[in-house]
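Undergrad: Sequence first, then the predicted structure:
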Amino acid sequence: DSSSEKCDFETDLCQIFPELNLQPGWIRRNGQSGMGSPYSDHTGNDTAYFLSWPSEMGSSSATLRTSVFLPTEREHICQIKFYYWIGQINATLMVGIREHSKDTIKNIWQDSAKQQNQWIANKITINSTEKYQV
């Protein structure tokens with residue numbers, strides 16, 4: 001049986017991104033926040049919430065770290081589906097995995113803003129037999 005958890009940021013950061021793992025710069029906002037694009041979420045809803053990292057923050061990078069995923073004996077494949085928006089020309093969004101036994105983050109996906117200023121759907125499959133964070 002596969003279990004899934006949905007995170008839409010409507011009420012909080014969900015259990016996927018614990019409050020402590022939200023680095024300075026990341027904010028939970030919606031399209032009506034007056035902070036510029038995007039002006040809505042991927043469905044076109046301007047009151048729906050999403051996480052945003054404004055380029056004015058001055059920092060060159062910011063990390064979002066998930067809670068720890070615990071593979072089971074029977075299931076060690078995890079599929080993460082998400083929508084993302086890149087509004088800067090020289091920006092790169094990367095997804096990495098840090099397994100429990102390793103102290104390094106392995107890059108498993110990235111996009112360098114080939115398509116700017118639009119929501120893009122993506123799906124990543126992770127196969128791990130040990131605890132990990134994304």
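TA: In hand now; what should we look at? Numbering: from 1, shown residues only.

Undergrad: Every contact and neighbour count from this point should use C-alpha atoms.
TA: Will do.

Undergrad: those helices in this structure, which residues are they?
TA: In the chain, no helices are defined using DSSP state H.

Undergrad: number of nearby residues for the closest residue to residue 133 other than its chain neighbours?
TA: Among residues not flanking residue 133 along the chain, residue 68 sits closest, at 4.9 Å (C-alpha to C-alpha, 6 or more residues apart in numbering). If you count neighbours by other C-alpha atoms under 10 Å, residue 68 ends up with 16.

Undergrad: any idea how this structure splits into domains?
TA: Domain ranges of the chain: 8-58, 68-133, per the TED database.

Undergrad: can I get these in CSV with mean pLDDT?
TA: What follows is the domains of the chain, written out as CSV (pLDDT from 0 to 100):
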stretch, mean pLDDT
domain 8-58, 84
domain 68-133, 89
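
Undergrad: And stretch 37-47, end to end?
TA: End-to-end distance of stretch 37-47 (C-alpha to C-alpha, to the nearest Å): 13 Å.

Undergrad: Buried residues, it. List them.
TA: Neighbour counts over stretch 37-47 (16 or more other C-alpha atoms under 10 Å) mark 37, 38, 39, 40, 41, 42 as buried.

Undergrad: got the contact list for it?
TA: For stretch 37-47, the external contacting residues (C-alpha atoms under 8 Å, 6 or more residues apart in numbering) are 30-32, 48-50, 83, 85, 87, 117-120.

Undergrad: Just the buried residues out of the residues you listed, in ChimeraX syntax.
TA: Buried subset of those, written as a ChimeraX selection, criterion 16+ other C-alpha under 10 Å:
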select :30,31,32,48,49,50,85,87,118,119
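
Undergrad: Next, give me the two most distant ones among the contacts of stretch 37-47.
TA: Farthest apart among the contacts of stretch 37-47 by C-alpha to C-alpha are 32 and 120. That separation is 20.2 Å.

Undergrad: Return the residues in contact with the nearest residue to residue 72 once chain neighbours are set aside.
TA: Closest residue in space to residue 72, ignoring its immediate chain neighbours: residue 129 at 7.6 Å, by C-alpha to C-alpha, 6+ apart. By C-alpha under 8 Å, 6+ apart, the residues touching residue 129 are 71, 72, 73, 76.
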